[in-house]
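A.B. asks: here is a sequence with its predicted model. Questions after.
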Amino acid sequence: MTETWHWHWSCRINACLGGRADEPLCSRVFRQPNSAWRSAYLRTADWAFGEEYHCLHIHLRWLTLKYA
């Protein structure tokens, strides 16, 4: 898979915040328990990327790549 710059930098940001270096930030946020900040992030990501359920799609893609 050829990484996009979005994916690459999302992984770097996640690592800087104490997460896994191979997991995009959207995936990490998606895995968090329901909360106001999580809901706000999910809505903002949907708007920013113009894709409904953006973080879910990123999480599923990451799991597919992780276990491939």
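C.D. replies: Perfect, I can see it now.
A.B. asks: and the pLDDT at the spatially most central residue of the chain?
C.D. replies: Per CA atoms, centre = their mean, the C-alpha nearest to the average position across the chain is that of residue 26, at 1.7 Å. We note a pLDDT of 97 for residue 26 in this prediction.
A.B. asks: with residue 2 instead?
C.D. replies: 48.
A.B. asks: any idea how far residue 66 lies from residue 47?
C.D. replies: 27 Å (CB to CB, to the nearest Å). To be clear about C-beta, it is placed using only N, CA and C from the backbone, and glycine gets the same treatment.
A.B. asks: make that residue 37, sorry
C.D. replies: From residue 37 across to residue 47, the span is 16 Å (CB to CB).
A.B. asks: next, residue 22: secondary structure please.
C.D. replies: Three-state assignment for residue 22 (DSSP: H, G, I helix; E, B strand; the rest coil): coil.
A.B. asks: was I right to think it contacts residue 28?
C.D. replies: No. Counting by CB atoms under 8 Å, residue 22 does not reach residue 28; the two are 10.9 Å apart.
A.B. asks: more neighbours, the two?
C.D. replies: Each of residue 22 and residue 28 has its neighbours counted (other CB atoms under 10 Å); residue 28 has more, 21 against 12.
A.B. asks: the more buried one against residue 19, yeah?
C.D. replies: Yes. Applying CB under 8 Å, one finds residue 28 in contact with residue 19, separated by 4.8 Å.
A.B. asks: which residues are common contacts for those two?
C.D. replies: Common neighbours of residue 28 and residue 19 are not found (criterion: CB atoms under 8 Å, 6 or more residues apart in numbering).
A.B. asks: what about this protein, any weak spots by pLDDT?
C.D. replies: Filtered on pLDDT under 70, the chain yields the residue ranges 1-3.
A.B. asks: what's the burial count for the closest residue to residue 51 other than its chain neighbours?
C.D. replies: Distances taken as CB to CB, 6 or more residues apart in numbering place residue 57 nearest to residue 51, at 6.7 Å, with adjacent residues excluded. By the other CB under 10 Å criterion, the neighbourhood of residue 57 contains 15 residues.
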